[in-house]
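Participant: After the sequence you'll find the predicted model.
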Amino acid sequence: MQTTSQEMVLVIDFGGQYNQLIARRVRECGVYCEIVSYTHSLEKIKAKKNLKGIIFTGGPNSAYLPDSPTIDPEIYTWGVPILGICYGSQLMSHMLGGHVCLAPEREYGKTLVDLDTASPMFEGLPDKNVCWMSHNDYIEKVAPGFKITAHTPNCPVAAAEDAERKLYAVQFHPEVLHTENGTKILSNFVYNVCGCAGTWKMDSFVEQTVKDLKAKIGSGKVLCALSGGVDSSVCAAMLAKAIGKQLTCVFVDHGLLRKNEREEVCAVFGEGGQFDINFICVDARQRFYGKLAGVSEPERKRKIIGEEFIRVFEEEAKKIGAVDYLAQGTIYPDVVESGLGGESATIKSHHNVGGLPDFVDFKEIVEPLRDLFKDEVRQSGRELGLPEHLVARQPFPGPGLAIRIIGDVTPEKVAIVQDADAIYREEVDKLPMSERPSQYFAALTNMRSVGVMGDGRTYDYAIALRAVTTTDFMTAEVTMLPPATITAAANRIVNEVKHINRVLFDYTTKPPATIEFE
C-alpha cells in the first residue's frame, strides 16, 4: 500500500520467471517496489508517485526478433535510472544501438564474473563474483555511450552502463540466491544510482494500514475469511485492531485441512482465544467432497474450492445480517501468480484472487495485505502481536490438501495424507531448529504398487515427502535431510498409515527450483 510520499522502484515484466524475486529483493533493501507488464502504458508508468528507478526483467524471447516484447523508447529519456536484467539488458542494448545475437556458447548456472568495482553497481564487491547466468543470446557489442563493467570468458558484456543517462545492464540474475552478493548489487542500484532513502518499513505499514481500514470501513461490518494460516491470521488481527467487534471471522472446515488443524484454529481464534472478535466455525466437509468428486485436474480443483468458499461466506453473511465487506488474506505473490501483476504466465489461480466467481454478494472486498510478500506478512504479524508459532508456521494452500492429492479427492485419501503429513512433520521437528528445512510436507501420489504385509498381498499408494530450504519462499533448493530422519518417517508412515506401502523422497536438485510453496 504505497502512500503518495513513499518512494518506489518499478519492475517492468517482460515475461521473466524471477519477476517477483526482483521486487522482493528491492523491498528487502527497504524500498517499495511493484511489478507491471511491459504492455503498461508509459502514461500510467510516468504517473507513479515518487518513481525513483525502473528495472527491466528477464524473459524467454530474443530482443532482435520483430515480435519480441519491447517498450516505448521514450522511457530512456526520462532521466529515471533503469536497470536491465538478462533479457532486459539485451533489449536496452538492442534498442539503443548495440548488437545482440545468439551466443556461441550458452551460459547456464553459477559463473565466475570479473567485475569493475569502480562502477556504482559493484561498489564494495570483490573483483570476481559468482553470478547466476541463464541465457542463449548475449550482447556482442554495447550501445553507444555504454562502457563494459563486467565480463566472463564466454560473455564479453556481463554488465555495462551509461552513467550519464543512468542506464545500467547486467546479463546475470542478481535477484536469485545463487548470485553471491546479489542483494548488495540491487542495493547499490537503489541507493547509489537511484538515490533512495529506504523508507519501506513494516511498522509504518501496519500503522498506516490500520488507519486506512478505519477510514474506509467506517461503521460497516466485515466478514473475514479465516483459514488459520499466516496470511488470513495477520489479516484478521489487523482488522481486529482497526474495527474490533464490527468484524466477524468465519473459519470453514472444508475437510482438506492438516491433521487436528480445525481444533488448533478454534483454540486460537474462537472463544477464550486472544482475539476479541466474532468467530464462526462452519463444518462444510461433505459439501466440498461432493463438489470435488471425480475432479483430478489441479487448476479445476482450485476454481471449485474458490467458488464454494465464496458461497459459504455469502450464506454466513446472510445469517448474521447486513455485511458490507469481505476481507481476505490475499498477498502480492497471489496477485502476480494469478496473472494480474505482471507479464509472466499464470502460475496458478488462487481461491482469493484468480479463483473468485463472477458474482460476490458484498459491497467490496478488503485485502489489506495485497501488496505484501510472505516475509513482510510475517513481520506485520509480529508488529500486531501475534504469537511466533503462528507467524512462523509453514505456508499452507487455501485449497488445502486437495492439491497435495494427485488425482481425485476422497475422504479416504485425505485421511491418508493427513496422517502421513503429521508423522513426517513430527519426525522433522525432532531436529534442532537450525537443521530444519523451511518447509516440509507430504503429498499423496496417484501411483499404486504391489507389496507384501505379513503373509498377504497389498496394492496400495506411495506417499511423496518434500523438504526445501528457502529465505524468500519463492525460490528454493531441496533439503537433504539426515538419513535417520527420513528412515524414521518412512518406517512410521508405512507401518502406521493405512493404504500406504511405499514412501518416496523428493531429491530434485536442479537449482534454483522455483516452486509453489504448498
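Facilitator: That came through, no problem.
Participant: how about the helices of the chain, start to end?
Facilitator: 19-28, 42-46, 87-95, 182-188, 202-217, 230-243, 261-269, 285-292, 298-320, 332-337, 374-383, 388-391, 411-428, 483-496 (DSSP state H).
Participant: In terms of mean pLDDT, which of these ranks lowest?
Facilitator: Least confident of the helices of the chain, judged by mean pLDDT, is helix 332-337 with a mean of 78.
Participant: and G290, what does it touch?
Facilitator: By CB atoms under 8 Å, 6 or more residues apart in numbering, the contact list for G290 is empty. From N, CA and C alone the C-beta is placed, and that goes for glycine too.
Participant: Quickly note the distance from the closest residue to L465 other than its chain neighbours to Y461.
Facilitator: What sits nearest to L465 in space, not counting adjacent residues and going by CB to CB, 6 or more residues apart in numbering, is F505, at 5.0 Å. Taking CB to CB, to the nearest Å as the measure, F505 falls 15 Å from Y461.
Participant: likewise G97?
Facilitator: Note on G97: its distance to Y461, by CB to CB, is 60 Å.
Participant: higher neighbour count, those two?
Facilitator: The residue with more neighbours, out of G97 and Y461 and counting by other CB atoms under 10 Å, is Y461; that gives 24 against 12.
Participant: bridging residues for the more buried one?
Facilitator: Listed beta-bridge partners, Y461: R448, I500 (assigned using DSSP bridges).
Participant: and if you look at the one 4 residues further on?
Facilitator: Beta-bridge partners for L465, by DSSP bridges, are A442, F505.
Participant: how near is the residue nearest to L465 to Y138?
Facilitator: Between F505 and Y138 the computed distance is 38 Å (CB to CB).
Participant: When the two are compared, which one has more neighbours?
Facilitator: Of the pair F505 and Y138, Y138 is the one with more neighbours under other CB under 10 Å, namely 25 against 16.
Participant: For that one, which non-adjacent residue is closest in space?
Facilitator: Spatial nearest neighbour of Y138, excluding adjacent residues (CB to CB, 6+ apart): A103 at 4.1 Å.
Participant: What is the neighbour count of that neighbour?
Facilitator: As a burial measure, A103 scores 17 neighbours (other CB under 10 Å).
Participant: again with M238
Facilitator: For M238, the count of nearby residues is 26 (other CB under 10 Å).
Participant: I figured it hits L386, correct?
Facilitator: No. Taking contacts as CB atoms under 8 Å, M238 lies outside contact range of L386: 9.9 Å.
Participant: Spit out the contact partners of the residue nearest to Y138.
Facilitator: Under the criterion of CB under 8 Å, 6+ apart, the contact list for A103 reads H135, N136, D137, Y138, N154, C155.
Participant: now those residues as a markdown table including distance to V31 and pLDDT?
Facilitator: Compiled in a markdown table, these are given as follows (distance: CB to CB, whole Å; pLDDT from 0 to 100):
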| residue | distance to V31 | pLDDT |
| --- | --- | --- |
| H135 | 27 | 89 |
| N136 | 31 | 90 |
| D137 | 30 | 93 |
| Y138 | 29 | 94 |
| N154 | 33 | 90 |
| C155 | 29 | 94 |
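Participant: Find me whatever residue is spatially closest to the residue nearest in space to the middle of the chain, sequence neighbours aside.
Facilitator: When the chain is reduced to its mean C-alpha position, the closest residue under CA atoms, centre = their mean turns out to be P333, at 4.0 Å. With CB to CB, 6+ apart as the criterion, P333 has its nearest non-adjacent residue at 5.8 Å, and that residue is Q20.
Participant: The one you found - how many residues pack around it?
Facilitator: If you count neighbours by other CB under 10 Å, Q20 ends up with 29.
Participant: And for the one 5 residues further on?
Facilitator: Burial of R25 is recorded as 24 neighbouring residues (other CB under 10 Å).
Participant: L51 reaches I12, doesn't it?
Facilitator: No. With contacts counted by CB under 8 Å, L51 stays clear of I12, the gap being 11.5 Å.
Participant: Please enumerate the shared neighbours of these two.
Facilitator: I45.
Participant: From Y18, how far off is the residue nearest to G15 when sequence neighbours are not counted?
Facilitator: Nearest-residue entry for G15: G59, 3.9 Å, with adjacent residues in sequence omitted and distances by CB to CB, 6+ apart. Distance, G59 to Y18, by CB to CB: 10 Å.
Participant: now Y32
Facilitator: Using CB to CB, we find Y32 at a distance of 19 Å from Y18.
Participant: quick one: strands adjacent to the longest strand along the chain?
Facilitator: As far as residue count goes, and with DSSP state E defining each element, the longest strand of the chain is strand 99-115. According to DSSP bridges, strand 99-115 forms sheet pairs with strand 128-141 (antiparallel), strand 147-152 (antiparallel).
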